[in-house]
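Trainee: model the following, please.
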Amino acid sequence: MKAIWNGHVVAESDDTVIVEGNHYFPDSVLDRACLVPSATTSFCPWKGTAHYYTLTAGGLENPDACWYYPDPKPAAMQIKGRVAFWKGVRVE
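Mentor: Predicted structure coming up:
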């Protein structure tokens with residue numbers, strides 16, 4: 001699987017976990033040069049508190065387009081150490 005935004009491969013792996021239709025990529029496969037930490041958080045009752053990254057590629061920014069759960073609840077432990085994408089990031 002590949003996560004692509006603005007023509008740039010942000011993550012690529014054969015090892016993704018699908019939760020609620022989203023592919024969660026291992027943190028280790030991220031192109032860290034494209035990530036800027038965000039102060040944004042959100043809460044899911046069964047997964048816990050999500051944190052976000054803003055993606056940058058080709059001179060453009062995509063705020064909060066990547067999210068992860070640094071300390072997921074027990075029911076979501078399969079996504080610990082993984083990230084997912086939205087906001088126009090193509091996963092194929």
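
Trainee: now do the same for the residue nearest to His8 when sequence neighbours are not counted: its pLDDT.
Mentor: Spatial nearest neighbour of His8, excluding adjacent residues (CB to CB, 6 or more residues apart in numbering): Ala57 at 3.8 Å. To be clear about C-beta, it is placed using only N, CA and C from the backbone, and glycine gets the same treatment. The confidence metric pLDDT takes the value 94 at Ala57.

Trainee: any idea where the strands of this protein begin and end?
Mentor: For the chain, the strands identified by DSSP state E occupy 2-5, 8-12, 17-19, 22-26, 35-44, 48-57, 60-68, 82-85, 90-91, in order along the chain.

Trainee: out of these, which one sits most buried?
Mentor: With neighbours defined as mean count of other CB atoms under 10 Å, the strands of the chain peak in mean count at strand 82-85, which reaches a mean of 24.

Trainee: quick one: distance of stretch 68-81 to the chain centre.
Mentor: Between the centre of stretch 68-81 and the centre of its host chain there is 12 Å, according to CA atoms, centre = their mean, to the nearest Å.

Trainee: ditto for stretch 15-22
Mentor: Taking CA atoms, centre = their mean, one finds the center of stretch 15-22 at 11 Å from the center of the full chain.

Trainee: same check, this time on stretch 24-33
Mentor: Taking CA atoms, centre = their mean, one finds stretch 24-33 lying 8 Å from the centre of the chain it belongs to.

Trainee: could I get the buried residue list for that stretch?
Mentor: Of the residues in stretch 24-33, Tyr24, Phe25, Val29, Leu30 count as buried by neighbour count, 16 or more other CB atoms under 10 Å.

Trainee: tell me the contacts of the closest residue to the first one other than its chain neighbours?
Mentor: Among residues not flanking Tyr24 along the chain, Arg82 sits closest, at 3.7 Å (CB to CB, 6+ apart). The contact partners of Arg82, taken as CB atoms under 8 Å, 6 or more residues apart in numbering, are Thr16, Val17, Tyr24, Phe25, Pro26, Asp27, Tyr68.
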